[in-house]
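**Q** sequence? don't have it. structure:
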């Protein structure tokens with residue numbers, strides 16, 4: 001069963017908005033993961049940042065699903 005998608009002339013259709021939002025969320029989570037990794041690198045091994053890696057991975061998994069969360073988790077190390 002397909003439901004009709006209401007078009008909005010100013011912003012495009014709903015499916016393209018969801019895709020663009022998904023791209024922004026994934027990109028933001030990836031940048032946050034890179035920032036945490038960089039902070040982990042410059043602080044050395046004395047401080048453990050492993051807890052902070054869960055924030056971007058959790059956000060990606062929460063808002064986008066299992067596979068984006070898995071891809072970010074695999075990309076952390």
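**A** Perfect, thanks for sending it. This one's a predicted model, so the numbers in the text were calculated from it and none came from an experiment.
**Q** how far away is residue 15 from residue 2?
**A** To residue 2, residue 15 is 12 Å away according to Cβ to Cβ, to the nearest Å. In short, each C-beta sits where N, CA and C put it, glycine included.
**Q** Compare the two and say which is more crowded by neighbours.
**A** Shown here are residue 15 and residue 2; by other Cβ atoms under 10 Å, residue 15 has more neighbours (9 against 4).
**Q** Grab the nearest non-local neighbour of residue 71.
**A** Nearest residue to residue 71 in three dimensions, chain neighbours excluded: residue 60, at 8.0 Å (Cβ to Cβ, 6 or more residues apart in numbering).
**Q** do the same with residue 49
**A** The shortest distance from residue 49 to any non-neighbouring residue, by Cβ to Cβ, 6+ apart, is to residue 40 (3.9 Å).
**Q** same thing with residue 73?
**A** Excluding the flanking residues, the one nearest residue 73 by Cβ to Cβ, 6+ apart is residue 57, at 5.1 Å.
**Q** Is it correct that the one you found falls within a helix?
**A** Yes - per DSSP: H, G, I helix; E, B strand; the rest coil, residue 57 lies within a helix segment.
**Q** so what's it up against?
**A** Each residue near residue 57 by Cβ atoms under 8 Å, 6 or more residues apart in numbering is listed here: 29, 33, 69, 72, 73, 76.
**Q** go again using 7 Å as the cut-off
**A** Applying Cβ atoms under 7 Å, 6 or more residues apart in numbering, we find residue 57 in contact with 69, 72, 73.
**Q** How confident is the prediction for the last one, by pLDDT?
**A** Predicted confidence (pLDDT) for residue 73: 89.
**Q** how many neighbours does it have?
**A** Neighbours of residue 73 under the rule other Cβ under 10 Å: 17.
**Q** How about residue 55?
**A** By other Cβ under 10 Å, 13 other residues sit near residue 55.
**Q** Find the residue closest to it in space, skipping its chain neighbours.
**A** If you skip the residues right next to it in sequence, residue 55 has residue 32 as its closest partner in space, 6.7 Å away by Cβ to Cβ, 6+ apart.
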